[in-house]
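K.L.:
predicted model, plus sequence, below.
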Amino acid sequence: MVSTPTPRAVIFDLDGVLVDSHEVMGRAFAAAYAKVVGPGPAPFAEYQRHQGRYFPEIMRLMGLPLEMEEPFVQESYRLAGQVPVVAGVPDLLRTLRARGFRLAVATGKAGPRARSLLTTLDLSRYFHHVVGSDEVAHAKPAPDIVLRALALLGADPAGAVMVGDAPADIHSARAAGVTAVAATWATVDEDDLIAARPDLVVHSPGDLLPISVPGRR
């Protein structure tokens with residue numbers, strides 16, 4: 001369970017935290033790889049190890065053509081309705097909003113695609129702001145996206161937490177001075193996530209609720 005002073009803002013990563021998008025993401029990646037690179041197995045396992053980063057940066061790290069981005073995004077939009085929301089997430093978000101929390105998403109996705117997915121899955125209404133990696137100078141693991149979310153929320157780093165499922169999320173949070181929370185429920189590699197030294201580790205969305213108990217500051 002979480003044991004930390006009560007924050008007033010919670011920033012969430014999207015994929016692997018709010019939604020379990022890995023299966024759909026794999027299909028979109030395979031389609032883009034086949035279209036741009038050609039036949040053969042798409043290296044999705046390697047792609048997953050870079051989760052949290054912006055797609056163009058992942059392509060650079062993997063030595064793959066940036067031209068994969070357009071078909072990947074197109075297929076991701078087409079499959080968006082098939083992405084499952086993590087069980088317990090809507091209840092968590094409703095509770096946090098009811099308790100007066102300011103909520104944001106800071107994601108490796110581009111902003112328009114993130115907002116579209118959240119709208120499709122009926123989650124956008126819970127968030128005050130959604131920040132994509134194309135809307136900051138430097139994507140995760142740099143702190144820019146978390147700092148941007150804090151500025152939009154009007155929140156101080158000392159009064160905020162960032163919840164992520166990848167090392168890039170944890171590094172971004174820590175660099176921004178917010179409490180870094182590792183979410184393990186849909187992570188690709190829990191060992192790598194823990195090795196990033198999060199401040200807290202939670203194993204289900206409900207484990208986040210103790211941070212929002214009134215009077216705990």
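P.N.:
That came in fine, so what should we check first?
K.L.:
can I get the CA coordinates of the helix or strand bottoming out on mean pLDDT in the chain in CSV?
P.N.:
Lowest on mean pLDDT, DSSP states H and E among the helices and strands of the chain sits helix 190-195, with a mean of 91. Output in CSV follows, covering the C-alpha atoms of helix 190-195 (Å, rounded to 0.1, in the frame of the first residue of the first chain):
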residue,chain,number,x,y,z
GLU,A,190,8.9,-5.5,-13.9
ASP,A,191,12.6,-6.0,-13.1
ASP,A,192,13.6,-3.1,-15.3
LEU,A,193,10.8,-1.0,-13.9
ILE,A,194,11.9,-1.6,-10.3
ALA,A,195,15.6,-1.1,-11.2
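K.L.:
list the buried residues of it.
P.N.:
By neighbour count with 16 or more other Cβ atoms under 10 Å, helix 190-195 contains the buried residues residue 193. Where you see a C-beta, it was placed from the backbone N, CA and C, and this is true even at glycine.
K.L.:
any idea which helix or strand comes after it?
P.N.:
Tracing the chain C-terminally past helix 190-195 and defining elements by DSSP states H and E, one meets strand 200-202 next.
K.L.:
count of residues packed around residue 84?
P.N.:
12 (other Cβ atoms under 10 Å).
K.L.:
any idea how far residue 22 is from it?
P.N.:
According to Cβ to Cβ, to the nearest Å, residue 84 stands 10 Å off from residue 22.
K.L.:
quick one: end-to-end distance for stretch 131-138.
P.N.:
From its first residue to its last, stretch 131-138 covers 12 Å (Cα to Cα, to the nearest Å).
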